[in-house]
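Novice: quick one, structure for this:
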Amino acid sequence: MVSRLVANVCQKVPSLFYRVSPTMKPQVVFVLGGPGAGKGTQCSRIVEKYNYTHLSAGDLLREERAREGSEYGQLIATYIKEGKIVPVEITISLLRKAMEETMQKDEQKFRFLIDGFPRNEDNLQGWNKVMDNNADVKFVLFFDCSIEVCINRCLERGKNSGRTDDNRESLNKRIQTYLQSTRPIIELYQKHGKVCTIDASRSVDEVFADVKAILDKEG
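Specialist: I've put the predicted structure just below:
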């Protein structure tokens with residue numbers, strides 16, 4: 001059943017895409033780190049101070065899961081609950097649609113923080129295949145945080161977040177997925193000198209001070 005749904009996604013994704021503006025490619029910063037590393041919090045602060053649009057891969061997937069009439073809602077829900085990575089075709093279609101709709105509304109809004117993506121090799125290959133000529137990845141902003149701190153933050157957040165994956169069972173699966181699948185992607189970008197690493201175990205203000213220093217330098 002799942003494989004059939006994924007196959008359907010592969011066939012239908014191209015019809016979801018809008019055309020990227022021929023005069024300006026999206027400028028992208030990938031934001032990566034373990035669950036609870038503070039990616040969303042820091043992205044919100046970046047948006048307030050800099051002319052970036054924040055796109056959370058996880059939020060877009062959760063919104064699609066909750067959208068009435070979505071034929072992929074149940075598939076997405078199953079992957080999220082199991083702490084697994086949603087098929088790349090779905091995630092990229094949602095990210096690209098969000099970027100293009102943003103730029104259609106305002107051509108000056110061409111800088112994007114993509115939070116929580118790419119999460120594995122399949123994500124990266126899918127991005128390169130679909131977006132390599134349609135967007136420029138400037139660098140990876142990596143929020144480095146110990147697993148213990150990440151888990152404690154997520155459990156605390158789970159008391160009020162309403163997220164189905166902010167529980168210890170899902171967290172253990174998400175952490176293993178992060179260590180096995182996402183860290184190698186970060187290391188790959190590091191080899192190309194495209195990773196800016198921040199110690200995310202500190203306070204929000206201390207972390208954002210480092211974020212500002214990086215963005216003021218990198219643009």
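Novice: CA only for contacts and neighbour counts going forward, please
Specialist: Fine.
Novice: for the protein, what's the longest helix?
Specialist: Selection of the longest helix in the chain by residue count, based on DSSP state H, yields helix 88-105.
Novice: could you point out which element follows that helix?
Specialist: strand 111-115 (DSSP states H and E).
Novice: for the next helix or strand after that following strand, packing partners?
Specialist: Remark: after strand 111-115, the chain's next helix or strand is helix 121-131, criterion DSSP H and E. If you count contacts as 3 or more C-alpha pairs under 8 Å, 6 or more residues apart in numbering; DSSP states H and E, helix 121-131 packs onto helix 88-105.
Novice: that older thread, mind listing what's buried in the longest helix of the chain?
Specialist: For helix 88-105, the neighbour count (16 or more other C-alpha atoms under 10 Å) marks 88-96, 98-100, 102-104 as buried.
Novice: next, the angle from it to helix 121-131.
Specialist: 40 degrees (axes from the mean of the first three to the mean of the last three C-alpha atoms, to 10 degrees).
Novice: mind giving me the packing neighbours of helix 88-105?
Specialist: Contact partners of helix 88-105 among helices and strands, from 3+ C-alpha pairs under 8 Å, 6+ apart: helix 2-16, helix 57-66, helix 121-131.
Novice: do that again at 10 Å, thanks
Specialist: helix 2-16, strand 53-56, helix 57-66, strand 111-115, helix 121-131 (3 or more C-alpha pairs under 10 Å, 6 or more residues apart in numbering; DSSP states H and E).
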